[in-house]
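>>> I need the structure of the sequence given here:
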Amino acid sequence: MSETWVKIEKGLIISVILSIIVYAVFIFLSDYNSILNAVKMIGLFVILLLLCLSMFNYCFRFIRWHYLLSKFCVKIPIRDSLKVFLAGLCLTITPGKAGELFKASFVKEFADVSRIKVIPIIILERVFDLIGFAMILLLSLLFFSPSQFLMPAVIAVGVVFISFICVFLFLRLNSAKKLLLLVIERFKFLHDKKNLLLDTFNDYAHMSILRIIFLIMISFAGWLFETLELYVLLLSFGVSVTVFSAGFVYGLSSLVGLLTFTPGGILGFEASSELLMSNILGVAVPVAAVITLIVRLTTLWFAVLIGLVSYVKFFKH
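Numbering: from 1, shown residues only. Reported below is the predicted structural model:
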């Protein structure tokens, strides 16, 4: 087994262990009996519905993944592209999803392409995820504006969109290309990859507005399905909410989780989700804890399970 695969597996094991510890503490600090009673309220139909919504999310994210590969000249059959995408789901449990950069190694198994060509695509995925969460939060703010959390939410959305616009505009300036050349000259190991780096930079720096809008909308649509999971769960527990209030909780919690750079956003998402549900929606703390745990099981951990099975089947050997 190559050193790359060893690093992937070690990172996954460490992330899973840390996650188990966090969830154990999370349950220990909650009312255990109340959690058990709340779990009994969830039927099999609801769980299957939640998993189906997660599958729709994965479908939209795969469409985005393969679209980015094709538009940036990474030639890979759609079947192999799907294998890479599914196996890559297990890497979402790494801090800030940074482990997903190893997807470049997965792609190299099927396509004659440098990892340098693929890594920016993976980074773009995370950028558009961030924008997708911000859009859900922004749309929710138009119809649901809780006073105590309104300003932090507005600031979070503003920072995401302003940062994206600034980076987008900067990449179109000659200064950005000059900065890249300085970096290449500074590090000797990049010298022989100079042309590839410049070609890759030009591809990404000159993305059309229509292409960016398409990627933003498909990211928004994908994450909207996971927002609906929280909405369905809240209704299942008899909480009177709108899809916009659920979107506010999910969008802000997801942004917090992504920006904490913990494995899979763990702790950041859980803490903010429970806090928002209990303080804004009036959900009892034990019920909020159960809803948060179920959402994470049917979104994050369902994805990790699919990813691990795909990794073992397609890449382990």
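
>>> Lys71 and Arg211 touch, don't they?
Yes - Lys71 is in contact with Arg211 according to C-beta atoms under 8 Å; the separation is 6.9 Å. All C-beta atoms are positioned from the backbone trio N, CA, C, and that covers glycine.

>>> element containing Cys166, please.
Here Cys166, judged by DSSP states H and E, is contained in helix 147-171.

>>> going by contacts, tell me the helices and strands next to that helix.
For helix 147-171, the elements it packs on are helix 115-143, helix 194-205, helix 243-260, helix 268-280, judged by 3 or more C-beta pairs under 8 Å, 6 or more residues apart in numbering; DSSP states H and E.

>>> angle of the helix or strand following the shortest one against helix 115-143?
It stands for helix 194-205. Note on helix 194-205: by DSSP H and E, the next helix or strand toward the C-terminus is helix 209-236. Following axes from the mean of the first three to the mean of the last three C-alpha atoms, to 10 degrees, one obtains 60 degrees for the angle between helix 209-236 and helix 115-143.

>>> what about helix 209-236, distance to the chain center?
Chain-centre distance of helix 209-236: 12 Å, with C-alpha atoms, centre = their mean, to the nearest Å.

>>> got it, and stretch 301-315?
16 Å.

>>> what does stretch 151-169 give?
Distance, stretch centre to chain centre, for stretch 151-169: 17 Å (C-alpha atoms, centre = their mean).

>>> ok, stretch 17-28 next?
That offset, for stretch 17-28, works out to 21 Å (C-alpha atoms, centre = their mean).

>>> state the distance from the most centrally placed residue in the chain to Ile116.
Centroid-nearest residue in the chain: Asp129, 5.6 Å away (criterion: C-alpha atoms, centre = their mean). Distance of Asp129 to Ile116, computed by C-beta to C-beta, to the nearest Å: 22 Å.

>>> what does the model give Ile8 for pLDDT?
Confidence at Ile8, expressed as pLDDT, is 67.

>>> now Glu226
93.

>>> from Ile155, how far out is it?
Remark: distance between Glu226 and Ile155 (C-beta to C-beta) = 23 Å.

>>> looking at those two, which is more packed in?
The neighbour comparison of Glu226 against Ile155 (other C-beta atoms under 10 Å) goes to Glu226, with 23 against 10.

>>> contact partners for Gly132?
Applying C-beta atoms under 8 Å, 6 or more residues apart in numbering, we find Gly132 in contact with Ile216, Ser219, Phe220, Gly222, Trp223.

>>> also Leu89?
Residues in contact with Leu89 (C-beta under 8 Å, 6+ apart) are Tyr58, Ala303, Val304, Ile306, Gly307, Ser310.

>>> same question, Val157
Val157 makes contact with Ala134, Leu137, Leu138, Leu141, according to C-beta under 8 Å, 6+ apart.

>>> could you redo the last one with a cut-off of 7 Å?
Ala134, Leu137, Leu138 (C-beta atoms under 7 Å, 6 or more residues apart in numbering).

>>> for Ala289, state which of those is nearest.
Closest to Ala289 out of the contacts of Val157 is Leu137 (22.3 Å), distances taken as C-beta to C-beta.

>>> isn't that closest one up against Leu252?
Yes - between Leu137 and Leu252 there is a contact under C-beta atoms under 7 Å: 5.6 Å.
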